[in-house]
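> structure here, sequence nowhere to be found:
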Ligand code: SF4
């Protein structure tokens, strides 16, 4: 089973914390769409030459940027082109990232007639000062209306993004945001700590003293608060930043975390097949120029065995299923397994990790330090 990610590099307004590839100018939209269709042609055999029919897609994900900026007619053209080479079953998860200001009733009705069967809504907060701090385009009323409209249009398979740790958000506000989400009975939440990436407008404003800084301690406490609240509400904390009810995990994200092949299309999109990864140029003009000349706009890297091990440790530890010691032994040998167990002893003593049924699994406390723990267990350590 395979997954496809499509990057849509256009937004209506720049959020101050964002370091994804996007542009607020939409002058390249038509050329981008033409090139996207062409790139699909060029990458049709990414999952291998089909012998017995088209490869089945487990998931298709439109991310960005703001994919909901596109007309539904444009999305349908992408679906038609993809269907020439790939097959969509009734089980294929087809997600569209959407911003609240795009989700009016008319748009949602049109989306409901398209193959999209899951919406990922970038709410980030229901609290106006947080939205202003992040320079989000929508207000709390639009956030609530977008969810109401999506549910009324029949999109039961929803996921919402929330952000915590902004200086404008105290624990009470964060709890309220989580409670609002829970009250909607939405099956999936992705919640991210606000991070200040270098060179973003937020980083510049904080450096100049125009915005209050983000405090690590507040972020850590709000992570713990979230774990507690979501657990009480019956959501499985299945990845550091993701929670799901009734097994409604994101298939798209699971393919990243479980090492399945995926194809990325559009500027800045990444692709992966076991042992190799690719990344498209992070520049829409260069992407258009390259695809127009029939050249794939990507660079590639063959992963060494050590890199593959590090990637497995990093991604598996972030999930509730953890790092499978049998898999480590099968792929990297008994000595590596023994080394990993030895290296984990300190983290187990600190209460950050447990060994259970042959898996190394982070505790809720350890999840807070997932990247640090993983890097302590890397090949060269
Ligand atoms: S809408 Fe998303 S991609 Fe666009 S600027 Fe905001 S965070 Fe970045």
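Great, that's in hand. Computed from a prediction, not measured in an experiment: that's the story for all the values here.
> helix or strand: which one has residue 38?
Of the helices and strands defined by DSSP states H and E, residue 38 is found in helix 29-42.
> what comes up buried for that helix?
Taking 16 or more other Cβ atoms under 10 Å as the basis for neighbour counts, the residues of helix 29-42 that come out buried are 29, 31-33, 35-37, 39-40. Yep, even glycine has a C-beta here, placed from its N, CA and C like the rest.
> who's in contact with the closest residue to residue 137 other than its chain neighbours?
Once flanking residues are discounted, residue 137 sits nearest to residue 13: 4.2 Å by Cβ to Cβ, 6 or more residues apart in numbering. Counting by Cβ atoms under 8 Å, 6 or more residues apart in numbering, residue 13 makes contact with 24, 135-137.
> was I right about residue 211 contacting residue 204?
No: checked against Cβ atoms under 8 Å, the pair residue 211 and residue 204 is beyond contact range at 9.1 Å.
> when those two are compared, which one has more neighbours?
For residue 211 and residue 204, the more surrounded residue by other Cβ atoms under 10 Å is residue 211, and the numbers stand at 19 against 14.
> so what's that one up against?
For residue 211, the contacting residues are 16, 133, 167, 202, 205, by Cβ under 8 Å, 6+ apart.
> just the pLDDT at the third one, thanks.
Note for residue 167: predicted pLDDT of 97.
> can you tell me the SS state at it?
The three-state label given to residue 167 by DSSP: H, G, I helix; E, B strand; the rest coil is coil.
> sec struct for residue 122, please.
Judged by three-state DSSP, the three-state class of residue 122 is strand.
> and the residue in the stretch 201-350 of the chain positioned nearest to the ligand, what pLDDT?
Using Cβ to the nearest ligand atom, residue 201 is the residue of the stretch 201-350 of the chain that sits closest to the ligand, at 10.0 Å. Model confidence at residue 201, expressed as pLDDT, equals 97.
> gap between it and residue 211?
9 Å (Cβ to Cβ, to the nearest Å).
> before we move on, what about residue 325?
The span separating residue 325 from residue 211 equals 45 Å under the rule Cβ to Cβ.
> kindly report the same for residue 225.
When distance is defined by Cβ to Cβ, residue 225 is 23 Å away from residue 211.
> among the contacts of residue 13, which pair sits farthest apart?
Distance extremes for those: the farthest pair is 24 and 136 at 13.5 Å, using Cβ to Cβ.
> who's more crowded, the two?
Taking other Cβ under 10 Å, residue 24 and residue 136 do not tie; residue 136 has more neighbours (24 against 10).
> for that one, which residues are in contact?
With contacts defined as Cβ under 8 Å, 6+ apart, the neighbours of residue 136 are 13, 15, 122, 124-125.
> quick one: residue 380 from residue 351, how far?
Relative to residue 351, residue 380 is positioned 26 Å away (criterion: Cβ to Cβ).
> tell me which of those two has more neighbours.
Neighbour comparison, residue 380 and residue 351: the larger count goes to residue 351, with 11 against 5 (by other Cβ under 10 Å).
> where does the stretch 201-350 of the chain dip in pLDDT?
Along the stretch 201-350 of the chain, no part satisfies pLDDT under 70.
> what does it have sitting close to the ligand?
Remark: no part of the stretch 201-350 of the chain is in contact with the ligand, using Cβ under 6 Å from any ligand atom.
> circling back to that earlier point, can you lay out the contacts of residue 13 as a markdown table showing secondary structure?
A markdown table is the format used below for these (three-state DSSP):
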| residue | secondary structure |
| --- | --- |
| 24 | coil |
| 135 | coil |
| 136 | coil |
| 137 | coil |
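> need those in TSV (columns: distance to residue 175).
Compiled in TSV, the contacts of residue 13 are given as follows (distance: Cβ to Cβ, whole Å):
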residue	distance to residue 175
24	33
135	24
136	20
137	25
